[in-house]
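Participant: I'd like to go over a predicted model; first the sequence, then the structure.
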Amino acid sequence: QVLLVESGGGLVQAGDSLRLSCAGSGGVLSYYTMGWFRQAPGKEREFVAAITAIGERTDYEDLVKGRFTISRDSAKDTVYLQMKSLKLEDTAVYYCVASRFFGRRRENEYDYWGQGTQVTVSS
């Protein structure tokens with residue numbers, strides 16, 4: 001069982017930055033591709049970003065490319081999502097996810113999910 005706990009969400013203004021964290025339990029995250037999904041009010045959950053188990057490759061959804069950066073710290077068993085130049089449309093619940101495979105963008109291709117953290121961007 002992989003337990004994922006997100007933190008770092010909050011209320012920010014458009015143009016601000018925010019960093020989300022996802023902590024794993026017992027050093028297990030190093031075996032998985034890690035990623036982030038988000039779900040805005042009234043919309044379906046969507047892929048945001050992913051990073052391979054050893055961090056050598058990343059994948060970003062086009063709308064966040066150049067603004068968001070996913071990274072991981074194996075020593076801390078933690079994955080991060082650094083978000084810059086936040087826009088109103090980035091408002092969503094952000095979920096940390098884990099998969100055995102890289103290059104996946106569908107919800108059902110990720111085996112483990114965190115409980116989510118709310119990010120609200122105001123004007």
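Facilitator: Arrived safely, thanks for sending.

Participant: element containing the residue nearest in space to the middle of the chain?
Facilitator: Geometric centre of the chain, nearest residue: residue 36, 2.6 Å, by Cα atoms, centre = their mean. If you go by DSSP states H and E, residue 36 is part of strand 33-39.

Participant: contact partners for residue 2?
Facilitator: 24-25, 28-29, 32, 98, 111-112 (Cβ atoms under 8 Å, 6 or more residues apart in numbering). C-beta here means a position set from N, CA and C on the backbone, and glycine is covered the same way.

Participant: compute the first-to-last residue distance for stretch 41-60.
Facilitator: Distance across stretch 41-60, first residue to last, is 21 Å (Cα to Cα, to the nearest Å).

Participant: try stretch 21-32
Facilitator: Start-to-end, stretch 21-32 (Cα to Cα) is 16 Å.

Participant: contacts for it next, please.
Facilitator: By Cβ under 8 Å, 6+ apart, stretch 21-32 touches 2-8, 34, 36, 53-54, 72, 74, 76-81, 96, 98-100, 112, 114.

Participant: next step: the residues you listed restricted to strands.
Facilitator: Counting by DSSP state E, the part of the contacts of stretch 21-32 found in strands is 5-7, 34, 36, 72, 78-81, 96, 98-99, 112.

Participant: dump the residue contacts of residue 71.
Facilitator: Contacts for residue 71 were tallied using Cβ under 8 Å, 6+ apart; they are 51, 55, 79-80, 82.

Participant: and the furthest pair within these?
Facilitator: Spatial extent of those (Cβ to Cβ) is set by the pair 55 and 82 at 13.9 Å.

Participant: one step back: can you select the buried ones among the contacts of residue 2 for me in PyMOL?
Facilitator: Buried subset of the contacts of residue 2, written as a PyMOL selection, criterion 16 or more other Cβ atoms under 10 Å:
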select buried, resi 24+29+32+98+112
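
Participant: for the residue nearest to residue 35 when sequence neighbours are not counted, helix, strand, or coil?
Facilitator: Using Cβ to Cβ, 6 or more residues apart in numbering and skipping the chain neighbours, the partner closest in space to residue 35 is residue 50 (3.5 Å). When classified by DSSP: H, G, I helix; E, B strand; the rest coil, residue 50 comes out as strand.
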